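In: pasting a predicted model and its sequence here:
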Protein chains: 2
Amino acid sequence: MAAPSSDEVATSGSERIRDADRTRAEILDTAAREFAEKGFDGARVDEIAAKTRTTKRMIYYYFTNKDQLFVEVLERAYTVIRSLEQNLDVDHLDPAEAIRQLAGLTFDHHESHPDFVRLVSIENIHRAEHIARSNALSNLANPALDVLTRILARGREAGQFREDVDALDVHMAISAFCVFRTANRYTFNAIFGRDMLDPALRDHHRRMVADMLVSYLTTR
Amino acid sequence: MAAPSSDEVATSGSERIRDADRTRAEILDTAAREFAEKGFDGARVDEIAAKTRTTKRMIYYYFTNKDQLFVEVLERAYTVIRSLEQNLDVDHLDPAEAIRQLAGLTFDHHESHPDFVRLVSIENIHRAEHIARSNALSNLANPALDVLTRILARGREAGQFREDVDALDVHMAISAFCVFRTANRYTFNAIFGRDMLDPALRDHHRRMVADMLVSYLTTR
DNA sequence: CCCGTAATGTACGAACCAGTACGTTATTTG
DNA sequence: CAAATAACGTACTGGTTCGTACATTACGGG
């Protein structure tokens, strides 16, 4: 990509008028918000441009078209969550406690990144066609899965965990619970009058996923 | 469109050329498929009309606009699932077994109605604005919830179930699992290469939800 | 310090799309 | 059976929206 000037400190405001990296990043940020807000077809390229310090011309200059823009928004969103999962170190914990930690971290992440959840939801409506077009995404391993695999192996060896589940099943169960709270927040509130954003409910559910998975895994 | 020939096959229905009920129903059916397929903004009124034996004019004649059409599509979709839940009779069963039955029925329903799951997903992207505009939907009770409330009460009385969960929590946990398998099928497959449609996996997951909930509820 | 190129802005076009004006025919009802 | 009305079709429009042609300016290398 563009060569960043050597001693660029970039504290808060790079004073350069033209800055490819900054412009690109600003477009991606704004596009992520706009896509998450309105969906792929609902989002407007003109609107994204308007919320940027640059123009629509630049969006096409850097991303060629709306679809490719969405692809790169997705790539960036997944990268963020993956790097968070990297910081997961639970190999020293008791397997059950490790599961609780993992569930808690997954819960917190989904809770604090509703836009990510919405983007994934939108991508599923579009049958993951953008992910399919992205090499970065279709070849992206999940660190959380490796961690989970190790936890399950240790739990089974210790005779604590059941044998008939794999890491992906557990990952799915945890994700399902956490994703649902965010993704289906609106219909759930409209129909049952339950506000998922209530802090007390949040804590309750955070314990609930962990308890659910541990009790399931330790039941034989 | 081509004029219907006089000897139009009398499949099952009314031979009348003009049939408000049939036209309305056909529009709703087609619209449901089209919205589920492409999302609200992705769906085209012209396309819906083209896939119908009638014209776009009729869509606006019966539903005034695209939003109202989506509202009625949602109303119809929810009505179907609610009527299925009515047939749930588990009051004679052991509480744990009753939970298993309920989880199984919920699982089967989501499995066999992917369009419903997609419509709800789409409505959540739009922050349930259509449900809010529908009297029918915002005042719609959920029979499954009543059933669940009774099961939980019996389970607690028998000293089998934990006390710190309500029916809505359990309903959410079950829904989350079942919805996720369908709603996030595509990204999950693209990223992890796991095909949720595999029959063996289906059976495995069907047991898994039930086991998860029962083990959670019976752990104190 | 000047020149090539990367980065940016303006203005526009062509297709698309929700919604409608207006006209017509079937069906019902008195 | 005639008048009223419900059901339907055609053709169009006005605004929107993705994308681009063309012009311009900042910046870094030599």
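Out: Looks like it came in fine. Residues are numbered from 1 along each chain as shown, chains lettered A, B, ... in the order given.
In: show me what the helix or strand of chain A with the lowest mean pLDDT is packed up against.
Out: The helix or strand of chain A with the poorest confidence is helix A:135-138; it has a mean of 89 (mean pLDDT, DSSP states H and E). Judged by 3 or more C-beta pairs under 8 Å, 6 or more residues apart in numbering or on different chains; DSSP states H and E, helix A:135-138 is in contact with helix A:66-86, helix A:129-132, helix B:185-192. Glycine gets a C-beta too; all of them are placed from N, C-alpha and C.
In: which residues touch that helix?
Out: By C-beta atoms under 8 Å, 6 or more residues apart in numbering or on different chains, the list of residues contacting helix A:135-138 from outside reads A:71, A:74, A:75, A:78, A:131, A:132, B:190, B:191.
In: in contact with the fifth one, which residues?
Out: Applying C-beta under 8 Å, 6+ apart, we find residue A:131 in contact with A:71, A:74, A:123, A:137, A:138, B:186, B:187, B:190, B:191.
In: re earlier: who wins for proximity to DNA strand C among the helices and strands packed on helix A:135-138?
Out: helix A:66-86 (12.5 Å; C-beta to the nearest atom of the strand).
In: residues in contact with that closest one?
Out: Applying C-beta under 8 Å, 6+ apart, the contact partners of helix A:66-86 are A:27-28, A:31-32, A:35, A:40, A:43, A:45, A:48, A:59, A:63, A:105, A:109, A:113, A:115-116, A:119-120, A:123, A:130-131, A:133-134, A:136-137, A:140, A:142-144, A:147.
In: buried ones in the least confident helix or strand of chain A?
Out: Of the residues in helix A:135-138, those buried under the neighbour-count criterion (16 or more other C-beta atoms under 10 Å in any protein chain shown) are residue A:137.
In: next, the angle from the next helix-or-strand element following that helix to helix B:185-192.
Out: Counting by DSSP states H and E, the next helix or strand C-terminal to helix A:135-138 is helix A:143-157. Here the directions of helix A:143-157 and helix B:185-192 differ by 80 degrees (axes from the mean of the first three to the mean of the last three C-alpha atoms, to 10 degrees).
In: quick one, which of the contacts of residue A:131 are buried?
Out: For the contacts of residue A:131, buried by 16+ other C-beta under 10 Å: A:71, A:74, A:123, A:137, B:186, B:187, B:190, B:191.
In: okay, the helices and strands packed on helix A:135-138 in JSON lines with mean pLDDT and distance to DNA strand D next?
Out: Converted to JSON lines, these look like this (pLDDT from 0 to 100; distance: least, C-beta to the nearest atom of the strand, whole Å):
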{"stretch": "helix A:66-86", "mean pLDDT": "93", "distance to DNA strand D": "4"}
{"stretch": "helix A:129-132", "mean pLDDT": "97", "distance to DNA strand D": "13"}
{"stretch": "helix B:185-192", "mean pLDDT": "96", "distance to DNA strand D": "22"}
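In: picking that back up, and the contacts of helix A:66-86, which of them are buried?
Out: If we count by 16+ other C-beta under 10 Å, the contacts of helix A:66-86 have these buried: A:27-28, A:31-32, A:35, A:40, A:43, A:45, A:48, A:59, A:63, A:105, A:109, A:113, A:116, A:119-120, A:123, A:130-131, A:134, A:137, A:142, A:144, A:147.
In: from those, which land in helices?
Out: Mapping these onto helices (DSSP state H) picks out A:27-28, A:31-32, A:35, A:45, A:48, A:59, A:63, A:105, A:109, A:116, A:119-120, A:123, A:130-131, A:137, A:144, A:147.
In: for stretch A:23-42, C-alpha coordinates in CSV please.
Out: Taking Å, rounded to 0.1, in the frame of the first residue of the first chain, the C-alpha atoms of stretch A:23-42 are listed here in CSV:
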residue,chain,number,x,y,z
THR,A,23,-9.3,8.2,3.8
ARG,A,24,-9.6,4.4,3.2
ALA,A,25,-10.0,3.8,6.9
GLU,A,26,-12.6,6.5,7.3
ILE,A,27,-14.6,5.1,4.4
LEU,A,28,-14.5,1.6,5.9
ASP,A,29,-15.6,2.8,9.4
THR,A,30,-18.5,4.8,8.0
ALA,A,31,-19.5,2.1,5.6
ALA,A,32,-19.5,-0.5,8.5
ARG,A,33,-21.9,1.7,10.5
GLU,A,34,-24.1,2.4,7.5
PHE,A,35,-24.3,-1.2,6.4
ALA,A,36,-25.0,-2.4,9.9
GLU,A,37,-27.6,0.2,10.3
LYS,A,38,-29.5,-0.3,7.1
GLY,A,39,-28.5,-3.6,5.6
PHE,A,40,-26.6,-4.0,2.3
ASP,A,41,-29.5,-3.0,0.0
GLY,A,42,-30.8,-0.4,2.4
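In: what's it in contact with?
Out: Against stretch A:23-42 from outside (C-beta under 8 Å, 6+ apart): A:43-44, A:47-48, A:51-54, A:58-59, A:62-63, A:66, A:69-70, A:72-73, A:76-77, A:114-116, A:118-119, A:122, A:125-126, B:38-42, B:125-126.
In: just to revisit the earlier point, return the member of the buried ones among the contacts of residue A:131 nearest to residue B:214.
Out: Taking C-beta to C-beta as the measure, residue B:214 lies nearest residue B:187 of the buried ones among the contacts of residue A:131, at 29.1 Å.
In: residue contacts, that closest one?
Out: With C-beta under 8 Å, 6+ apart, residue B:187 has these contacts: A:120, A:123, A:124, A:128, A:131.
In: turn the residues you listed into JSON lines, including distance to residue B:162.
Out: Output for those, formatted as JSON lines (distance: C-beta to C-beta, whole Å):
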{"residue": "A:120", "distance to residue B:162": "32"}
{"residue": "A:123", "distance to residue B:162": "37"}
{"residue": "A:124", "distance to residue B:162": "33"}
{"residue": "A:128", "distance to residue B:162": "38"}
{"residue": "A:131", "distance to residue B:162": "39"}
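In: residue numbers of chain A in contact with DNA strand C?
Out: A:2, A:18-20, A:22-23, A:53-58, A:61 (C-beta under 7 Å from any atom of the strand).
In: could you redo the last one with a cut-off of 6 Å?
Out: Contact residues, chain A versus DNA strand C (C-beta under 6 Å from any atom of the strand): A:2, A:18, A:19, A:20, A:23, A:54, A:55, A:56, A:57, A:58, A:61.
In: kindly reformat these as TSV containing neighbour count and secondary structure.
Out: Converted to TSV, the residues of chain A next to DNA strand C look like this (neighbours: other C-beta atoms under 10 Å in any protein chain shown; DSSP: H, G, I helix; E, B strand; the rest coil):
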residue	neighbour count	secondary structure
A:2	9	coil
A:18	7	coil
A:19	17	coil
A:20	15	helix
A:23	18	helix
A:54	16	coil
A:55	13	coil
A:56	16	helix
A:57	9	helix
A:58	17	helix
A:61	14	helix
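In: and which of the residues you listed is nearest residue B:87?
Out: Nearest to residue B:87 among the residues of chain A next to DNA strand C is residue A:56, at 54.1 Å by C-beta to C-beta.
In: all good on my end, thank you.
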